[in-house]
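[1] sequence and predicted model, in that order:
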Number of protein chains: 2
Amino acid sequence: MAAEEEQGFRPLDEASLLAYIKATPALASRLGGGGSLDSIEIKEVGDGNLNFVYIVQSEAGAIVVKQVRVRPTLTPTGPLRSASLSFLTLTAPRSGGKRNTQALPYVRCVGDSWPMTRERAYFEASTLREHGRLCPEHTPEVYHFDRTLSLMGMRYIEPPHIILRKGLVAGVEYPLLADHMSDYMAKTLFFTSLLYNNTTDHKNGVAKYSANVEMCRLTEQVVFSDPYRVSKFNRWTSPYLDKDAEAVREDDELKLEVAGLKSMFIERAQALIHGDLHTGSIMVTEGSTQVIDPEFGFYGPMGFDIGAFLGNLILAYYAQNGHADQANDRKAYKKWILKTIEESWNLFQKKFVELWNKHKESNGEAYLPDIYNKPKLLSVVQKKYMTNLFHDSLGFGSAKMIRRIVGIAHVEDLESIKDASKRAECERAALNCAKTILKGRHQFETIEQVVEHIQSFDQD
Amino acid sequence: MAAEEEQGFRPLDEASLLAYIKATPALASRLGGGGSLDSIEIKEVGDGNLNFVYIVQSEAGAIVVKQVRVRPTLTPTGPLRSASLSFLTLTAPRSGGKRNTQALPYVRCVGDSWPMTRERAYFEASTLREHGRLCPEHTPEVYHFDRTLSLMGMRYIEPPHIILRKGLVAGVEYPLLADHMSDYMAKTLFFTSLLYNNTTDHKNGVAKYSANVEMCRLTEQVVFSDPYRVSKFNRWTSPYLDKDAEAVREDDELKLEVAGLKSMFIERAQALIHGDLHTGSIMVTEGSTQVIDPEFGFYGPMGFDIGAFLGNLILAYYAQNGHADQANDRKAYKKWILKTIEESWNLFQKKFVELWNKHKESNGEAYLPDIYNKPKLLSVVQKKYMTNLFHDSLGFGSAKMIRRIVGIAHVEDLESIKDASKRAECERAALNCAKTILKGRHQFETIEQVVEHIQSFDQD
C-alpha cells in the first residue's frame, strides 16, 4: 500500500472532498455550481467497509462520491454494514449459525494481504461507463473518475430505490424487474461480444480488463474453490448442514462439473460482464432498475452474469418459507419470483436474438453475414448459441447458489431467517436444487423445466 | 507504415547488417567475436517475401538474422519462394489449377492495407523464447531481439535440416518425429496453461499476446471464414473440385460447427500456442526436430496447435497417391504417416498427463490440489480434459485441412502433384475426410478410430 500512497493517492475526508468537488467542474456542475456549492452537505454512508461512500447534496442537486478505502478498518466480530452501495452483499456469522472463531470478513479471505488493488475502482468506472453507453436506462451515470485518487462521482440513486435483495426479503414485487434486467443483460452482453464487435476491438477490451485479475482471483476462490474443500473461511448453518457441506466436498461429479465452469470463467473472453450480478448489485423501485458495483467487470462468459441473477432469485425463492408468517404465507410472492425467473430468461433470450437479427449485418466477427445470413442457418446457429448460453447460465447460477450456502459469503435472504433449523431447511432445499441443476444442466431445454425442478425441491 | 518508419525502424542491407552485428555483443559473440568477425559472410535466403532472412557465417560460427520486411515486394504472378524459414508455406496458383486473375499473394488477402504489423516479429521472438524455455530441445534459441528494428538473431538451423513438409513430399521417414513433436506440444501447452500457472501469470500473458491481433485476424479469415463463402482469394483444382468447393459453402452443418471453432479460437485463452503449427513450420533431420516461425503466437485453444500438426500430416497422407510411381508406390510411407499420426496423439496424451501428474501440487489454478488430488477423481478429471482436447484437435485439424484445399493458401504436398486430375482426386478424399471428422468429431474416442476413418477415404 505504501507504494500506492506514494503514487499520489490520498484518502479524502469531508473537508478535502468538498474542496475537491468545488475544483472539479464535472462534479460541481451537477450540484448547480456557483452559489449552490455553498449549500453542499456531505453524508458518509459507508459501503461494507471497502469504500468510502458519500452522498453529496446541494440545493440544486445530489451526487454520490465513492472512493476506495486503501486500509479498510476490519471488523472481524460485528456484522458488516449492508449499505445501499454495497461492494458485495456481506453477512457476518450470526447467532444460530456455526461460529468459527477464525472467521474474518470476506475481504480478508484470500490471505493476509489486502487482495483487491485500488485499481478495481478503475474497472468499476470503466465497466459502468461502457455498460452505461449500451444501456443507460439501467446503469447509473458516471460523472467523473479520478484514477490517481481511485475516486468516482456518479449518479445519486435516490430513494425510494433500495437494494433488490432487501426488497426480496421484504416480499415486494417489482413488476418490471424481468423486463429491465433482461434488457440490461441483452444489451451489455450482446454489444460487447463477437456477435457485434470485430476481433481487434474485442482483444483490446480483453487486454484492458485482464488487469482486473485480483477481482477475478477472488471470485475463483470463493465461488469455484473454497466450497469444495475444507477452508477456514467456509461456514454454514451448523450443525444442521454439517453433513450437507461435507457432501459437497465429497461429491466428485459435482467437482468435475465445477472445474469445467471455473476454467471457462478464467479462459473464455465472451463479453464484458458485470462479474457480480447478484440481487445485491441491483437497486430498484417499482418502476426503475439500476445495476451498480461492477468492480468485478472483465471479459468473461456471459452465463456468469445471467446465472448470478437467476441463481440469486432462486435463493430468494427458497428463503421465502423462512419469511412466511401468519400475516403473509408468501405463497403468492414465491409465484412471482418463479414468474420473474421464467420471464427474465425468456425475455433475455428474445431480446438478445432480436439484437442479433437487427445487427446481423454488423462487424461482428463470430458469424459473418455472407456465411450465416441465410434464414434457416441463422436460426439453427442462434438456437445452438442460446442453448449453450442457457446451460452455461444454469451452471454458473448453481455454483453461485452453492457458495452462498456453504462458502464464506452468505445472502441476507437466508441469513435473516432467525430460526436456524428453519433456515437450514431452506438452505438444504436450495443446495440440493443447485447441485442437481449443476450436474444435470444439459438436460434442461427450457426455463419452465428449471422452474418445475426448483418447485420440486420446495419443502413447503 | 510512415508512422512506423518514424519510430526508428529502418531496413538493414548487408552492409548495415554487418555493422549492426559487430556492434551487438549477443550476435558478435556467436560468431566468435574479435578477428573472427572479419570473416563474416552474409547470404540473403529470403522468406516468402515477408521477411528478410540472412544466414550470417564466420569462421567461428553461424547465425540467422531475420528482419520484418515492411514494404514487401509483391509478386502477384510468380510463385512465392518457399524458403527454409518460410513465414507460411505458400504456394501460388499453378498450371492445371484454377487461374484466378485476381489472385494475389496470401499476404494481401485481408485487404489493401498490409495486414501484419511489424510487431509480429516481437510476438515471434517472445513465443520462441517462452517455448524455448519450456522445450529447448525443439525450439531454436533466440540470441537477440531488437524491437525497434523488428530484427531477431537466432540459431542457424544447419543442413541437413529441411522443412518437414518437403521431407513428407519426398517420402522421407523421421523415426523420432512423433516423439519430438509430442514432447514439444506437451511441454509448451501444459506449462502455459492453467494446469500449471496461476491466474495472475495467465492473464498477464493473455493481455500481452492480445496485441498480436492482426495475425489472429488473418487466421480467422483464411481458416474459418473464406473457405465457407465466395471469396476472390479462394482457389481449388478447377474444374474438378468446383462442385466440392460449392458444397463446402452450402454445407450448413459444417458451417455451424466451424462457427463454434472460430469463436473458440478467438475467445478461449487456454495456453500460449504456436498458432501456425503446420509441417512447414517444422525443420527436421532424422534425429532433430525444430519448431520455427511462431509469428501467430497467442493465448488460444491448445487444439489449434495439435490439430494443425495432425491435419497437415493427414494432408501429407492423402498426397502420397499423387507421388506414387513405379519406383515407389508409397504404400509403406503411407503406413508410416498413419503411425506417426497415431503416435503423435498417443504420446502427446501420455506426456501431457505425465506432466500433469508430476506437477499436480503446483500453482495451477484449474485443479487445486486440495480439491482434485484424489486418485480416482483426478483420473476422471484428466480423462474428461483429454477427451475434450482430442475433439478440439480433430475439429481444428479438419478445418485446417479444408482451408488448404478450397481456401487461399495451399500445401506443397498436394500442389506438387502435376496431374490435376490426380491431384483433385487426392484433394477430394482429404476434403471428404476432413468434413466428416469435423462434423462427427465427438464420436471418436481414440486416434486409432480416426486413422481407420482416414483410410476409409483413401481411393488407393
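    That came through, no problem.
[2] what ranges do the strands span in chain A?
    Along chain A, the stretches classed as strands by DSSP state E are A:41-44, A:51-57, A:62-68, A:142-146, A:151-155, A:162-163, A:271-273, A:282-284, A:289-291, A:298-300.
[3] dump those strands into TSV; add mean pLDDT, distance to residue B:383 and mean neighbour count as well.
    (Each C-beta comes from the backbone N, C-alpha and C, glycine too.) Formatted as TSV, those follow (pLDDT from 0 to 100; distance: least, CB to CB, whole Å; neighbours: other CB atoms under 10 Å in any protein chain shown):
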stretch	mean pLDDT	distance to residue B:383	mean neighbour count
strand A:41-44	96	55	13
strand A:51-57	95	45	22
strand A:62-68	96	45	23
strand A:142-146	98	48	19
strand A:151-155	98	48	24
strand A:162-163	98	44	19
strand A:271-273	98	30	28
strand A:282-284	98	41	25
strand A:289-291	98	40	23
strand A:298-300	98	26	27
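[4] JSON lines for those strands, including distance to chain B?
    Below are these laid out as JSON lines (distance: least, CB to the nearest CB, whole Å):
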{"stretch": "strand A:41-44", "distance to chain B": "33"}
{"stretch": "strand A:51-57", "distance to chain B": "23"}
{"stretch": "strand A:62-68", "distance to chain B": "20"}
{"stretch": "strand A:142-146", "distance to chain B": "21"}
{"stretch": "strand A:151-155", "distance to chain B": "23"}
{"stretch": "strand A:162-163", "distance to chain B": "29"}
{"stretch": "strand A:271-273", "distance to chain B": "9"}
{"stretch": "strand A:282-284", "distance to chain B": "27"}
{"stretch": "strand A:289-291", "distance to chain B": "24"}
{"stretch": "strand A:298-300", "distance to chain B": "8"}
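[5] need the ones you listed in a markdown table with distance to residue A:442, can you?
    As requested, those are exported to a markdown table (distance: least, CB to CB, whole Å):
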| stretch | distance to residue A:442 |
| --- | --- |
| strand A:41-44 | 48 |
| strand A:51-57 | 40 |
| strand A:62-68 | 41 |
| strand A:142-146 | 39 |
| strand A:151-155 | 40 |
| strand A:162-163 | 33 |
| strand A:271-273 | 22 |
| strand A:282-284 | 29 |
| strand A:289-291 | 29 |
| strand A:298-300 | 21 |
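[6] how close does residue A:39 get to chain B?
    Look at residue A:39 and chain B: by CB to the nearest CB, to the nearest Å, they are 46 Å apart.
[7] check residue A:431 too.
    With CB to the nearest CB as the criterion, residue A:431 and chain B are 18 Å apart.
[8] please name the residues that touch residue A:363.
    If you count contacts by CB atoms under 8 Å, 6 or more residues apart in numbering or on different chains, residue A:363 has them with A:196-198.
[9] go through those residues and name the one nearest chain B.
    Of all the contacts of residue A:363, residue A:198 has the smallest distance to chain B: 8.1 Å, by CB to the nearest CB.
[10] ok so, going back, residue A:248 is nearest to which of the strands of chain A?
    Nearest to residue A:248 among these is strand A:298-300; the distance by CB to CB comes to 23.6 Å.
[11] pairing partners for the closest one, with directions?
    In the sheet, strand A:298-300 lines up against strand A:271-273 (antiparallel) (DSSP bridges).
[12] nearest spatial neighbour of residue A:202, skipping sequence neighbours?
    residue A:194 (5.7 Å; CB to CB, 6 or more residues apart in numbering or on different chains).
[13] tell me the confidence at the one you found?
    pLDDT recorded at residue A:194 is 98.
[14] contact partners for it?
    Going by CB under 8 Å, 6+ apart, the list of residues near residue A:194 reads A:202, A:270, A:364-366, B:263, B:266-267.
[15] inside helices: which ones of the residues you listed?
    Residues from the contacts of residue A:194 lying in helices, with DSSP state H as the criterion: A:202, B:263, B:266-267.
[16] PyMOL command to pick out the buried ones of the residues you listed?
    Selection command for PyMOL covering only the buried members of the ones in helices among the contacts of residue A:194, criterion 16 or more other CB atoms under 10 Å in any protein chain shown:
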select buried, (chain A and resi 202) or (chain B and resi 263+266+267)
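[17] picking up where we left off before, could you flag which of the contacts of residue A:363 are buried?
    Buried subset of the contacts of residue A:363 (neighbour count, 16+ other CB under 10 Å): A:196-197.
[18] and the contacts of residue A:363, which is closest to residue B:26?
    Out of the contacts of residue A:363, the member with the shortest distance to residue B:26 (by CB to CB) is residue A:198, at 38.5 Å.
[19] isn't the closest one right up against residue A:362?
    No: using CB atoms under 8 Å, residue A:198 is not in contact with residue A:362, being 9.1 Å away.
[20] contacts only, for residue A:429.
    Neighbouring residues of residue A:429 by CB under 8 Å, 6+ apart: A:318, A:457-459.
[21] now swap in residue A:121 and tell me
    Neighbouring residues of residue A:121 by CB under 8 Å, 6+ apart: A:51, A:66-68, A:145, A:147, A:150-152, A:295.
[22] in space, what's closest to residue A:160 - neighbours in sequence excluded?
    Among residues not flanking residue A:160 along the chain, residue A:285 sits closest, at 5.3 Å (CB to CB, 6+ apart).
[23] likewise residue A:168?
    residue A:316 (4.1 Å).
[24] one more: residue A:262?
    If the residues on either side of it in the chain are set aside, residue A:262 comes closest to residue A:224, at 3.8 Å by CB to CB, 6+ apart.
[25] which residues are in contact with the one you found?
    Residues near residue A:224 by CB under 8 Å, 6+ apart: A:258-259, A:261-262, A:265, A:399.
[26] same question for residue A:61.
    By CB under 8 Å, 6+ apart, the contact list for residue A:61 reads A:30-32, A:36.
[27] and it, how far from chain B?
    Taking CB to the nearest CB as the measure, residue A:61 falls 39 Å from chain B.
[28] then residue A:401?
    Separation of residue A:401 from chain B (CB to the nearest CB): 18 Å.
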